[in-house]
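**Q** just a sequence and a predicted model for now, questions to come.
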Amino acid sequence: MPRHRLTDEQWDAISDLFPPPAWTGRPPADRRMIVDAICWILRTGSPWRDLPEVYGSPKTAWKWFDQWNRDGTWDEVLRRLQAMFIDAGEIDDQLWCVDGSVVRAARCAGGAVKKGAQTSRKTTH
């Protein structure tokens, strides 16, 4: 699972965005582990409930993902990591590709009636 985790260099670039947890109440969750858990979910496309146990509770990961998404923290994480990769020459800051593939389905897949299909008057009227 190390390929789904941030490197130490990447974590150092964004760690100040995640303030240390308060030491009151429940034992605090490690912010780096939560970020790694969120990265695992985003990279694999798995449901939150399938998060491996090494990352902790899926409920905790979802709670922080939702909060950081709402307050703009993830936007800043993206900006910083993109800048880091651009500076290293690993990505091009001018060209971004988005997959816009379209797969056409048959008309009947959308609910259209096939030509010559028998219809019952009881169900159509």
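**A** Thanks, I have the structure now.
**Q** from Glu53, how far off is the residue most central in space within the chain?
**A** For the chain, the residue lying nearest the average C-alpha position, counting by Cα atoms, centre = their mean, turns out to be Leu42 (2.9 Å). Counting by Cβ to Cβ, to the nearest Å, the gap between Leu42 and Glu53 amounts to 18 Å. Backbone N, C-alpha and C define where each C-beta goes, glycine included.
**Q** Pro20 reaches Ala29, doesn't it?
**A** No - at 11.0 Å, Pro20 does not count as touching Ala29 under the criterion of Cβ atoms under 8 Å.
**Q** higher neighbour count, the two?
**A** When neighbours are counted by other Cβ atoms under 10 Å, Pro20 and Ala29 differ, and Ala29 comes out ahead with 16 against 8.
**Q** sketch out the low-pLDDT regions of the chain for me.
**A** When the per-residue scores of the chain are filtered using pLDDT under 70, the ranges that remain are 1-2, 96-100, 107-125.
**Q** make it 80
**A** Counting by pLDDT under 80, the chain has low-confidence residues at 1-4, 19-27, 92-125.
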